[in-house]
Structure formats: C-alpha cells, structure tokens
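**Q** Here's my sequence, what's the structure:
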Amino acid sequence: MKKLMNRLWQICAEKAAEGETGYRAPLLAAVPVTHPRVERLKTAHPELVDPAACLPGARSIVAVFLPFRRELVEANRRADYPTESWARGYVTTNSLLAEIAAAMTAALAEAGIAAETAKPTYDFDKERLIAAWSHKHMAWACGLGEFGRHQMLITPAGTAGRFISLVIDRTVNDGPGIWRPEPGDFGPSAPGLCRETAGCRACERACPTGALSDKPFDRHRCYGFLLEVDRAYDHLPLSDACGFCACAGPCAVIGD
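**A** Numbers count the residues shown, from 1 in each chain. Okay, here's the model as predicted:
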C-alpha cells in the first residue's frame, strides 16, 4: 500500500500547490470501516451515513485536510467582518477538493480499487443543518484530529482549512492514522490539541453572533450569519463562510 498511499498524497500536494488560495502541506489519513472509532461515530451520530453502506464491499475511509496558508488566516482574524479573501478561499477550496477527490478516485480505479465520495459542502438537511455525509466527522474517524470547543476538528496543522473524504473497498491500514510520505507509513492519530481546559476561549470571543458560548452551539444562529456573509459577497458563488472561530485561537494554524 505504500506506493498507493504516496500516490494519493502526491495528488493532494500537487493540487494544493496549483490552487489559487494557497495552502500548507496537506494531511492524509485512513481508517478501516470496522474500527471501533467508526463504531463510536455511528453511535454518537446516527444521522450520519454509515460508511460501510456507501459502497459495496467498503473497507476503509480516507480523508484529506487542506490547511490554509497562515496569511489568509491572520487577515481574517484581524478583520471586523469575514474578509472577501476568506470567502473566495472557501469557494475555490471547495472546487479544488472536488478535483482532488476525482483525481484520487481515478488513481484508485487504476489500482482496481473502487471509491465513493460526496461533494465538499452543501450536502445537508436545510432544516436541521446536519450533513448526512460529514467530511469533518469522517476525518475524525481517520484520526486527523480531535474536536475543539468551536466544533471544529483540530489537526496537527490546525483548524483553518477544509476536508474531503472517500470510502474505498480496500483496507490500507490497521487503525486510524496519518500518512507520512517520509518514511512512507502511517503514523499515529492526532492527539487532542484543544486548550479549553487551560482556559482558552478565543473561539467564543471571536464568534460574531453568540452562537458559540458556554451554552450548546446554536447552529441556526451561526448559519443565519453565514447566509448574511453570502449576501455581502453576492458577486461570488455561494460563500456562506465566516471562519472567525477557526481563525481565532492558537489552534488555527499549527506548525509552518
């Protein structure tokens, strides 16, 4: 599997380098669909699609994280209103992730491996605001990160970025782990990196609506503001993106 996983990572890295938004090195992870971590996900979120039901003979979930460049994150962090560059980056990254998923699917097909995926976003129940196929939760199952106070996944590269995931009919590793191009193997899952227990509330302070507070997350209040941002940038394709919580704290950008 080393050659195949390196090829998938190379696809991610090459596409990221071509992207106009600008990204840091992508992260790639995988987990067998029979792993207890996937079972935990299904138990905690029964509304999510069962990965094993997405594809006949499903064996693994593969997930990718594209971390935004630091400059984009810091510009949004300093702003009083979500920046146009952030909104544009959201739009272009969704398109790029769809390209990455298609290229990975083609590479897998060449190796005789079937894959299934979903579009990067807008695949959710408009009333409950819950996605049936959550790339973020698939990424959690793969070990790409742990959830923070802001409901975002904190990866070893931080929170500010976007995810895509696939289900494939081949087992590529024994448990959740992050692929390391060098030396060419799977490392461990990401540790919990949220600093909430140390008193960090940067994401709460940054939330412009109060949707994120010491009370349960108000996803409808959050989404109402995202639609306002989309109207503000109506010259762009659908750009319901804010990013203030993802950009606020020490977990926004980790590493280079």
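**Q** which SSE is the nearest residue to Asp50 once chain neighbours are set aside in?
**A** The shortest distance from Asp50 to any non-neighbouring residue, by C-beta to C-beta, 6 or more residues apart in numbering, is to Lys42 (6.1 Å). (C-beta placed from N, C-alpha, C; glycine too.) Using DSSP states H and E, Lys42 maps to helix 36-44.
**Q** which helices and strands sit right next to that helix?
**A** Counting contacts by 3 or more C-beta pairs under 8 Å, 6 or more residues apart in numbering; DSSP states H and E, helix 36-44 is packed against strand 27-32, helix 135-142.
**Q** swap the cut-off to 7 Å and go again
**A** Helix 36-44 makes packing contacts with helix 135-142 when contacts are defined by 3 or more C-beta pairs under 7 Å, 6 or more residues apart in numbering; DSSP states H and E.
**Q** Find out how far the helix it packs on is from the centre of the chain, if you would.
**A** Offset of helix 135-142 from its chain centre (C-alpha atoms, centre = their mean, to the nearest Å): 7 Å.
**Q** try stretch 86-105
**A** Counting by C-alpha atoms, centre = their mean, stretch 86-105 comes out at 11 Å from the chain centroid.
**Q** pull the CA atoms of it into CSV?
**A** What follows is stretch 86-105, C-alpha atoms only, in CSV (Å, rounded to 0.1, in the frame of the first residue of the first chain):
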residue,chain,number,x,y,z
TRP,A,86,-11.7,34.2,3.1
ALA,A,87,-15.0,33.9,1.3
ARG,A,88,-13.2,33.5,-2.0
GLY,A,89,-10.9,30.9,-0.5
TYR,A,90,-13.8,28.9,0.8
VAL,A,91,-15.3,28.9,-2.7
THR,A,92,-12.1,28.0,-4.6
THR,A,93,-11.1,25.3,-2.0
ASN,A,94,-14.5,23.6,-2.3
SER,A,95,-13.9,23.3,-6.1
LEU,A,96,-10.3,22.2,-5.5
LEU,A,97,-11.4,19.5,-3.1
ALA,A,98,-13.8,18.1,-5.6
GLU,A,99,-10.9,18.0,-8.1
ILE,A,100,-8.8,16.2,-5.6
ALA,A,101,-11.5,13.6,-4.8
ALA,A,102,-12.0,13.0,-8.6
ALA,A,103,-8.2,12.6,-9.1
MET,A,104,-7.9,10.3,-6.1
THR,A,105,-10.9,8.2,-7.3
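**Q** quick one: average pLDDT of that stretch?
**A** Average pLDDT, stretch 86-105: 97.
**Q** same question, stretch 184-196
**A** The model assigns stretch 184-196 a mean pLDDT of 95.
**Q** in that stretch, what's buried?
**A** Buried positions in stretch 184-196, judged by neighbour count with 16 or more other C-beta atoms under 10 Å: Phe186, Ser189, Ala190, Leu193, Cys194, Arg195, Glu196.
**Q** What is the end-to-end distance of that stretch?
**A** With C-alpha to C-alpha, to the nearest Å as the measure, the first residue of stretch 184-196 is 34 Å from its last.
**Q** Regarding this protein, what is its longest helix?
**A** If you go by DSSP state H, the chain has its longest helix at helix 84-110.
**Q** Great, nothing more from me.
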